[in-house]
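A.B. asks: Model the structure of this input:
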Amino acid sequence: MPRLILLNGPPGCGKSTLARRYVDDHPLALNLDIDCVRSLIGRWRDDATTAGLLARAIAVGAARIHLNAGHDVVIPQFLGRPTFIEQVERLAHDVGAQFHDIVLLDSKQNAIRRFHERSSTSSDPAHRQAQDMVDRWGGADALSAMYDNLLAVVASRPNARVISTTSGQIDQAYQRVLDSLA
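C.D. replies: I've put the predicted structure just below:
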């Protein structure tokens with residue numbers, strides 16, 4: 001049975017890294033990074049909200065096709081509202097896939113620090129774009145509010161599995177993800 005694995009969590013806590021690791025270890029699994037999908041939409045920065053909603057809709061369609069083909073899908077995405085989580089959970093049930101709602105979490109202070117460190121040291125353009133978006137939305141205050149929204153979502157989803165992550169401990173976090181899937 002294919003799995004739809006949602007990796008939620010604050011920016012900079014390892015979602016994309018662990019999604020890449022999972023698909024590297026699982027042939028034909030799909031890393032459906034919505035930020036990458038969004039970057040394929042022309043002039044998405046002009047209306048980032050609409051582009052983000054379009055990217056999520058595209059991701060749901062792609063996930064449906066991939067799951068129906070019998071292959072795992074991993075979606076690494078910060079989600080501070082339950083709407084998309086509920087949408088992909090319904091999708092998993094509709095196609096007979098297992099749904100795994102996983103939240104990668106560090107303390108608020110560490111999550112904010114990790115985000116800024118990643119943005120300042122990474123050569124990945126997506127990380128710079130994320131920093132630019134957060135700066136437009138209010139910087140550290142926006143990250144703090146995002147973190148609080150995430151905690152509210154986690155509290156409303158009793159089946160979400162929270163996995164503690166620590167900067168630089170990718171192997172340990174990946175093993176915890178695998179353990180939660182067992």
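A.B. asks: Mind exporting the C-alpha coordinates of stretch 142-151 to CSV?
C.D. replies: Provided in CSV are the C-alpha atoms of stretch 142-151 (Å, rounded to 0.1, in the frame of the first residue of the first chain):
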residue,chain,number,x,y,z
ALA,A,142,6.3,36.4,11.4
LEU,A,143,8.3,33.2,12.1
SER,A,144,7.2,33.3,15.7
ALA,A,145,3.6,33.6,14.6
MET,A,146,4.0,30.8,12.1
TYR,A,147,5.4,28.6,14.9
ASP,A,148,2.5,29.4,17.1
ASN,A,149,0.0,28.6,14.3
LEU,A,150,1.8,25.3,13.8
LEU,A,151,1.4,24.4,17.4
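A.B. asks: Quick check: buried residues in that stretch?
C.D. replies: Buried residues in stretch 142-151, counting neighbours by 16 or more other Cβ atoms under 10 Å, are found at L143, S144, M146, Y147, L150, L151. For every residue, glycine as well, the C-beta is placed using N, CA and C.
A.B. asks: Next SSE downstream of the longest helix seen in the chain?
C.D. replies: Longest helix of the chain, by residue count under DSSP state H: helix 48-68. Later in the chain than helix 48-68, the nearest helix or strand by DSSP states H and E is strand 73-76.
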